[in-house]
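Peer 1: give me the fold of what follows.
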Amino acid sequence: MKSSKKSKSNNIAIKLTNVWKIYKMGEVEVPALRGLSLEIKKGEFVSIMGPSGSGKSTSMNLVGCLDIPTKGQVYLSHKNIASMTESNLAQIRGKKIGFIFQQFNLINTLSALENVTLPMIFQKVPQINRDHRATKLLKMVKLGHRIYHRPSEMSGGEQQRVAIARALANDPDIILADEPTGNLDSKTGQEVMKILTDLNRLEGKTIIIVTHDEEVGRCADRMAILKDGQILEIQNLKNKHKKCGIGKKQTKQQTTKLIKKKEIKKQSNKK
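Peer 2: Take a look at the predicted model:
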């Protein structure tokens, strides 16, 4: 029985336990997260969905070791991030986690190849090795013909694919994607989501995406729906690939309506 519990524990990549994050604005305290608890297994694909101000980005910052909770615990590979030094956190961010942003965050004066090699430079990877890996990654995201082009010479979809290649530079275990399709049209967004689902399914990467779009959220194994810093519902998604990213992009107003419906349903179930 003990070995079974230990095996289950070893399978957890990320664990948030009763997490609160409170920001101070002068004398006013603003809670962004209110007792949030969530476990994510190794190799799992989880989406975090909710309207603006629901706590999605705050959750992502904590999981990405960019911030620490006010109360509660965030565990990454069974280590409490609040007990780590800034040097330890920087190492984890550099080696264990790959970040993908809505705004791409590429350096415009550098080529696609140079942008992808940057994380490896910080980890002191020899140039011949980093150039080889960056080229391989750009080919993987179907940009082998664009490796010497700068971001300004690329479409939004191509820039996001460069950003995905950069996130994979140091072969991280965990990929965090903040609204990865937010600035893309539906077709390009579907292409980006296919890359992410393939990374999860074929390479076993643990992937967490933040989105306000339910269609995008349904690409995941589970979808955590947030409202006012709390988890309103966690959905286990079946036949996810049939529904993943299909149809028109969902607006933030539509997401707010969806959250309200789920909240009403939850309250009626309690009665």
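
Peer 1: so what touches stretch 177-192?
Peer 2: The contact list for stretch 177-192 (CB atoms under 8 Å, 6 or more residues apart in numbering) reads 57, 60, 99-104, 155-157, 160-161, 164, 167, 193, 196, 207-213, 216, 244-249. Where you see a C-beta, it was placed from the backbone N, CA and C, and this is true even at glycine.

Peer 1: taking the residues you listed one by one, which sit in helices?
Peer 2: Applying DSSP state H to the contacts of stretch 177-192, the entries found in helices are S57, M60, G156, G157, Q160, R161, I164, A167, M193, L196, V216.

Peer 1: in the chain, which spans are helices?
Peer 2: Using DSSP H, the helices found in the chain span residues 2-10, 56-63, 86-95, 112-122, 127-140, 156-167, 186-203, 214-217, 240-243, 252-270.

Peer 1: dump those helices into a markdown table; add distance to A177 as well.
Peer 2: Below are those laid out as a markdown table (distance: least, CB to CB, whole Å):
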| stretch | distance to A177 |
| --- | --- |
| helix 2-10 | 25 |
| helix 56-63 | 9 |
| helix 86-95 | 15 |
| helix 112-122 | 16 |
| helix 127-140 | 16 |
| helix 156-167 | 8 |
| helix 186-203 | 7 |
| helix 214-217 | 10 |
| helix 240-243 | 16 |
| helix 252-270 | 17 |
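
Peer 1: dump these into TSV; add distance to K71 and mean neighbour count as well.
Peer 2: Below are the helices of the chain laid out as TSV (distance: least, CB to CB, whole Å; neighbours: other CB atoms under 10 Å):
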stretch	distance to K71	mean neighbour count
helix 2-10	23	9
helix 56-63	12	22
helix 86-95	19	14
helix 112-122	32	21
helix 127-140	39	17
helix 156-167	30	24
helix 186-203	31	17
helix 214-217	27	24
helix 240-243	33	14
helix 252-270	24	13
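
Peer 1: mind checking those for the one nearest to L33?
Peer 2: For those, the distance to L33 is smallest for helix 56-63, at 5.6 Å, taking CB to CB.
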